[in-house]
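Student: next comes the sequence, and after it the predicted model I'd like to discuss.
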Amino acid sequence: MAESITITDNRTGQSVEVPIVDGGVAATAWSKLLPGVWFYDPAFMSTAACQSAVTYLDGEAGILRYRGYPIEQLAEQSNYLEVAYLLINGELPTADEFAAWSHEITYHTFIHENVRKRFLEGFHYDAHPMGMMVSAVAALSTFYADAKDIHNPESLHKQIIRLIAKMPTLAAAAHRFSVGMPFVYPDNSLDFTSNFLSMMRKVAEPRYEANPVLAKALDVLFILHADHEQNCGTTAMRVVGSAHADPYSAAAAATAALYGPRHGGANEAVIKMLTEIGSIDNVPAYIERVKRGEVVLQGFGHRVYKSYDPRAKIIKKTADEVFEVTGKNPLLDIALKLEEVALSDEYFVSRRLYPNVDFYSGLIYQAMGFPMEMFTVLFAIPRMAGWLAHFKELLEQDAKIARPRQLYTGVDARDYVPTAARG
């Protein structure tokens, strides 16, 4: 017997039975019974705005899967470019498909000289790298005349390749500009993450050799950040994409959403918090301040996860591998003590506040020598694959343009009063 709910309008006594399908109920039945009455749900806390086959997330059980594959298996056995292919195409690639995919992305990493010389170098000397990224991604649409041909599969494929390939190049260019270093061209002999590290770090050496442990750690972090269901940035991508904007413009909107400190800035907030705590001895006092509501415990809790974030477990292991190469981040002991105290305190346990992906990722980035201004940029690079997977999906679904309703709370109708007559 199919599961269902019954909605009754107590004003009229009329009822409608609505089936529960895939964990949701269709709003069309509600609107037929209650025309002109809207479901009020600020921040979409209880609203499914789309159907998607890209990412499965069970916050209660701490499960995250890309196209059905557990994130733990992908992080251990796959690589970021393969995961990007999976997200966008729905299946893992064959050896030949992956070779072609990798080749395409590798040879589209270069950016137009005018993007660098006339656009990126036109920013103020202390421009934030993430602000530069938002603008640069949007600007790319003006360099590709076929970008707006979103219903042409070949054209859309080219834009997807270009965006995934050029994100590390734009990111490295934004960083080097912000610190006064010259631009480094991509090295097509390197893999995806090693190439990015080369563009970030190369000085005068003929070829930059990234530490394989650090390159692998960055690849794992890219996998963990590649998609995360209908978050703020992905929702921005889908909303703008529903207007049939080109993928660069939609991706710029998603990048702008990620720029917000509530979204992409959480790991930076963790570093600032750990720095403020200062030492292990100050952890208990800080915990008490959190319980009194004086400060926030950054990196704990999540809108969706009500158990340990599965990505946090993987990142903790990755952190150990990174610190063996870089030396231990001095803030790590504070983080470990903070986690230990919080997870043994009934206040946090009863509220199901566990470490999330941001709690350790910032420590890794900092240990690898990335400035905090780059943390959100490092989030945007891999998330592009997830955004594009959702963009492609909404086109395949022929999704309607996003247009939510509102509950009007302003004044009633009133007549215009001339300036001289206004009290």
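Tutor: Received the coordinates, thanks. What you see is a predicted model, and the numbers here were worked out from it, not measured in a lab. Residues are numbered from 1 along each chain as shown.

Student: pull the helix or strand with minimum mean pLDDT from the chain.
Tutor: Each helix and strand of the chain was given a mean pLDDT (mean pLDDT, DSSP states H and E); the minimum falls on helix 27-33 at a mean of 84.

Student: for that one, packing partners?
Tutor: Contacts defined by 3 or more Cβ pairs under 8 Å, 6 or more residues apart in numbering; DSSP states H and E place helix 27-33 against strand 4-8, strand 15-19. In this view, the C-beta of every residue, glycine as well, is placed from N, C-alpha and C.

Student: how does it look with 6 Å?
Tutor: Counting by 3 or more Cβ pairs under 6 Å, 6 or more residues apart in numbering; DSSP states H and E, the packing neighbours recorded for helix 27-33 are strand 15-19.

Student: just how off-centre is the strand it packs on within its chain?
Tutor: Mean-position distance between strand 15-19 and its chain equals 36 Å (Cα atoms, centre = their mean, to the nearest Å).

Student: in the sheet, which strands lie alongside it, parallel or antiparallel?
Tutor: Strand 15-19 sits in its sheet next to strand 4-8 (antiparallel), going by DSSP bridges.

Student: can you pull the phi/psi pair for K272?
Tutor: Main-chain torsions, K272, degrees, to the nearest 10: phi -60, psi -40.

Student: near it, how many residues? Count them for me, please.
Tutor: If you count neighbours by other Cβ atoms under 10 Å, K272 ends up with 14.

Student: same question, A139
Tutor: A total of 18 residues lie near A139 under the criterion other Cβ under 10 Å.

Student: what helix or strand is it located in?
Tutor: Assigned by DSSP states H and E, A139 belongs to helix 129-140.

Student: now do A319
Tutor: According to DSSP H and E, A319 maps onto helix 310-326.

Student: and if you look at E72?
Tutor: Applying DSSP H and E as the criterion places E72 in helix 71-77.

Student: next secondary structure element downstream of that helix?
Tutor: Defined by DSSP H and E, the subsequent element after helix 71-77 is helix 80-89.

Student: quick one: list the elements packing against the following helix or strand past the helix holding A319.
Tutor: The C-terminal neighbour of helix 310-326 among helices and strands, as given by DSSP H and E, is helix 332-343. Under the contact definition 3+ Cβ pairs under 6 Å, 6+ apart, helix 332-343 sits against helix 266-277, helix 283-291.

Student: now do 8 Å
Tutor: Packing contacts for helix 332-343, counted by 3+ Cβ pairs under 8 Å, 6+ apart, involve helix 266-277, helix 283-291, helix 358-367.

Student: re earlier: quick one, the next helix or strand after the helix holding A139 and helix 129-140 angle?
Tutor: Remark: after helix 129-140, the chain's next helix or strand is helix 153-178, criterion DSSP H and E. Counting by axes from the mean of the first three to the mean of the last three Cα atoms, to 10 degrees, helix 153-178 points 140 degrees away from the direction of helix 129-140.

Student: now whichever helix or strand comes after helix 153-178: buried residues?
Tutor: Counting by DSSP H and E, the next helix or strand C-terminal to helix 153-178 is helix 192-201. Neighbour counts using 16 or more other Cβ atoms under 10 Å place 192-201 of helix 192-201 among the buried residues.

Student: pull the number of nearby residues for D58.
Tutor: Per other Cβ under 10 Å, the neighbour tally for D58 reads 14.

Student: swap that for P261, sorry
Tutor: Neighbour tally, P261, other Cβ under 10 Å: 10.

Student: tell me if I'm right that it and A269 touch.
Tutor: Yes: using Cβ atoms under 8 Å, P261 makes contact with A269 at a distance of 6.9 Å.

Student: so which bits of the helix or strand hosting L214 are buried?
Tutor: For L214, the element it lies in under DSSP H and E is helix 212-224. Applying a neighbour-count criterion of 16+ other Cβ under 10 Å, one finds 214-224 buried in helix 212-224.

Student: returning to what we had before: just want the angle from the helix holding A319 to helix 212-224.
Tutor: Angle, helix 310-326 to helix 212-224, by the same axes, to 10 degrees: 160 degrees.

Student: would you mark the buried spots in the least confident helix or strand of the chain?
Tutor: Quick answer for helix 27-33 (16+ other Cβ under 10 Å): 29-30, 33.
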